[in-house]
Each structure stands twice: as structure tokens, then as C-alpha cells.
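>>> need coordinates for the following:
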Amino acid sequence: MLRSHTCGELRIDHVNQQVTLTGWVQRVRDKGSLLWIDLRDRYGITQLFLEEGKSDPALLQTARTLGREFVIKVEGIVAERHSKNANIPTGDIEIKVSSLEILNESKTPPFTIEDETDGGDDLRMKYRYIDLRRNVVRESLQLRHKMAQQTRTYLDSQYFIEVETPVLIKSTPEGARDFVVPSRMNQGEFYALPQSPQTFKQLLMVSGFDRYYQIVKCFRDEDLRADRQPEFTQIDCEMSFVEQEDILNMFEGLIKHVFKTVKGIELSDFPRMTYDEAMQTYGSDKPDLRFGMKFVELNELVKGKGFKVFDDAELVVGICATGAAEYTRKQLDELTEFVKRPQIGATGLVYARYNADGTI
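Here you go, the predicted model:
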């Protein structure tokens, strides 16, 4: 191994130990007689320290050539910091460098490797391998890994079996268009990428595998939406010899397990709502209950009053937006444009102000 420890591992208990670290240069602070280097890997940041008169002059000269994102290997002694940094786990120590080797030089990155970076979306996507070094991106990948790990742990404990199903398949009727792949062996014929493993999991049920799951890639050639892209991953499950209550309890248990083990959050029993209730009070089969703005039926109040839009409508409902009576005309126009977006699909917005003094 090129390193003895990671950059997020060393603590005050390691003082006076000889260590070897590798990583990327996050920043260099040169104060003339004193020089500090923040060395980063995916585990954290460790501060390196060099001092004129005590460190080898050749070492200082090499250190002053370092730029951001240089990959280096250092050896040194762990020392207690004089000015500790409580914001990072390694903030009590630093490394007094005795050896420094540049493993790979780097051009100046096109944006800073920080949580709040100065790079726009297009620039970060162009240099994705650099963007992946940022904490917020890495933490998202680690969260995804932990969720997949705990999903498998839970489903394994419930006697599910994980089965990988084919990716190159025959086209099957689904809710979107298929992505197709030409066959080299059979000219003029095509494979389809699966929109879901539906056919295969049904075969597994018929074959006697009564509990199946797979964390599977699916492909759908359809327009982008906020919750859907052409390639996505889903937790795909199938069960035999069960009723509705068994399914609800099984996957409520899965969500509770993932939140508890990954985020340390204990969830209470989930409230349940029928489809009819959801559509009647929220107009959606996946309502966001955080806002509490239920639909209120207004047919008796507004029909037959000579307003054609309401008179011709089968159902007229309204939302009570508490506090919105004070909105300016500009804010109301912005709301109108918001509901006209394709994701919502409304043609406009009708509003009435109910003021604090009771006037409308």
C-alpha cells in the first residue's frame, strides 16, 4: 500500500506516529517561513506542515510548486496542532512532513472543489470526474450505496431472493417507447432494453420463487420529467400468495428499516389514504401532505352565477392558501405562470382574496 492511513483517519491518539498519506492538494497556504497544505481524499482532509529552518530546503521548494489537485504522497510525524480546527475530524493534528513525492501534476481545475463551487451545471458535467471529488456529490453516492446495502439486508431477512434478469430482451408492451439495440447476428432485427423486469419476475413467480427482488436499471424512451429520466434504477419486487395488507406492511417495513439504519430516523406507522380520497382532496394519487392545502368543493357557491368557465365545469374546487391575501399582483402573476407549466398543465389561475377584515 502507498499509504498507511487515510486523510480522515488520524486523531490525537496518533501523535508522534510515523505515517504515510496520499491524496489531492486541496489548497496551499504559504506565509513565507511557514507553509501549510490541506491534503484531501474521499475520507477527509489532513493538514500538512513545513517550516523554514526545520524542514529540508529542497522539500520546501517542492512544496511551493504544488497546485490545486496535484496528487502527492507524503511521509511525516503526526503532531498536535497549536490552533485546532473543530470543524473537521482531523482538526486536532497535523503532519510534520519529512518526505514529499508528486505522483501526478494537475492543470488548474476549471472550478473550485468545494461544497459551494463556482462552476455552473454545464461546466461540472463536462468535467464530471472533477465534480465527483466534491463532498456533496460523493456523499450522495455514499448515501445511495448505503440505501442499496440496507435494502438488500432487509429483503434478505424477509426471505426474498435477488435475481438478475436479462437486459437485452424482446420488446414488450409498456407505458413508453423502447430503446432498441440492433442485433449483429440477425440483420434487421433488434433487442429492446427493458422498461421493467415485469415478464421475468412473473416467470419467477410461476417457477415457485415466491419472493423476488432486484435493484435494477430500467430504460424508457420518453420525455424528461422531474421524477423520471431515460435511464433510472428501481427496487423491483414481486410476491406470491399475499394480499394487499401483506404488501403494504412489507414495504412500509422496508422504508422504516432504511431510514433507521441509514439516517438514524425512527418512523412511526404510515398514514393511509384511499385513491378516491387522494384524488378528491389533492387531485393527485401521490399528494405532498406537507402543505396541507386540500381541495374544497365550490360547486354550490359558484355554479349558476353567469361565469361560463365555472358553469360549464363538471367540478369546481379551490385551495385555501393561508397568508396569500397579501400577495402583490406580480406575485399572483408568477403563480399563474407556475401552474401553466407543462408539469402542472393548468390553463390559468382564478383567485379571490379573503382579507383580514372579512372582505372579499
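
>>> what comes up buried for stretch 170-185?
Residues of stretch 170-185 classed as buried by neighbour count (16 or more other C-beta atoms under 10 Å): 178-179. C-beta here means a position set from N, CA and C on the backbone, and glycine is covered the same way.

>>> from start to finish, how long is it in a straight line?
15 Å (C-alpha to C-alpha, to the nearest Å).

>>> what's the answer for stretch 194-211, then?
21 Å.

>>> hey, where'd the strands end up in the stretch 101-250 of the chain?
Ranges of strands within the stretch 101-250 of the chain are 161-162, 180-182, 190-192, 211-219, 231-239, based on DSSP state E, counting those that start in this stretch.

>>> is it true that residue 93 touches residue 15?
Yes - with contacts counted by C-beta atoms under 8 Å, residue 93 reaches residue 15, the gap being 6.5 Å.

>>> give me the more crowded residue out of those two.
Between residue 93 and residue 15, counted using other C-beta atoms under 10 Å, the more crowded position is residue 93 (22 against 13).

>>> follow-up on the earlier one: what residues are shared contacts of residue 93 and residue 15?
Common contacts of residue 93 and residue 15, defined by C-beta atoms under 8 Å, 6 or more residues apart in numbering, comprise 78-80.

>>> just the buried residues of the residues you listed.
Using 16+ other C-beta under 10 Å, the buried members of these are residue 78.

>>> just the closest of the shared contacts of residue 93 and residue 15 to residue 31, please.
For these, the closest approach to residue 31 (C-beta to C-beta) belongs to residue 79, at 17.5 Å.

>>> what about the closest one, which helix or strand?
Following DSSP states H and E, one finds residue 79 within strand 71-80.

>>> how far does that strand sit from the chain's center?
Here the centre of strand 71-80 is set off from its chain's centre by 34 Å, with C-alpha atoms, centre = their mean, to the nearest Å.

>>> dump stretch 121-139 to PDB, restricted to CA.
Extracted as PDB, the C-alpha positions of stretch 121-139 are listed here (Å, rounded to 0.1, in the frame of the first residue of the first chain):
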ATOM      1  CA  ASP A 121     -24.100  22.800 -14.300                       C
ATOM      2  CA  ASP A 122     -22.700  22.600 -17.900                       C
ATOM      3  CA  LEU A 123     -19.100  23.000 -16.800                       C
ATOM      4  CA  ARG A 124     -19.400  20.500 -14.000                       C
ATOM      5  CA  MET A 125     -21.000  17.900 -16.300                       C
ATOM      6  CA  LYS A 126     -18.200  18.500 -18.800                       C
ATOM      7  CA  TYR A 127     -15.600  17.800 -16.100                       C
ATOM      8  CA  ARG A 128     -17.600  15.200 -14.200                       C
ATOM      9  CA  TYR A 129     -14.500  13.400 -13.000                       C
ATOM     10  CA  ILE A 130     -13.500  16.600 -11.200                       C
ATOM     11  CA  ASP A 131     -17.000  17.300  -9.900                       C
ATOM     12  CA  LEU A 132     -17.100  13.800  -8.300                       C
ATOM     13  CA  ARG A 133     -14.400  14.900  -5.900                       C
ATOM     14  CA  ARG A 134     -16.700  17.400  -4.200                       C
ATOM     15  CA  ASN A 135     -18.100  16.400  -0.800                       C
ATOM     16  CA  VAL A 136     -21.800  16.900  -1.700                       C
ATOM     17  CA  VAL A 137     -21.500  14.700  -4.800                       C
ATOM     18  CA  ARG A 138     -19.500  12.000  -3.100                       C
ATOM     19  CA  GLU A 139     -21.900  12.000  -0.100                       C
END
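
>>> show the average pLDDT along that stretch.
In this model, stretch 121-139 has a mean pLDDT of 95.

>>> and it, what's buried?
124, 130-131, 133-134, 137.

>>> out of the residues you listed, who's nearest residue 259?
Using C-beta to C-beta, the buried residues of stretch 121-139 come closest to residue 259 at residue 137, 22.3 Å.

>>> distance check, the closest one against residue 39.
As for residue 137, its distance to residue 39 is 19 Å (criterion: C-beta to C-beta, to the nearest Å).

>>> that older thread, so which of the buried residues of stretch 121-139 belong to helices?
Judged by DSSP state H, the buried residues of stretch 121-139 include 124, 130-131, 137 as members of helices.
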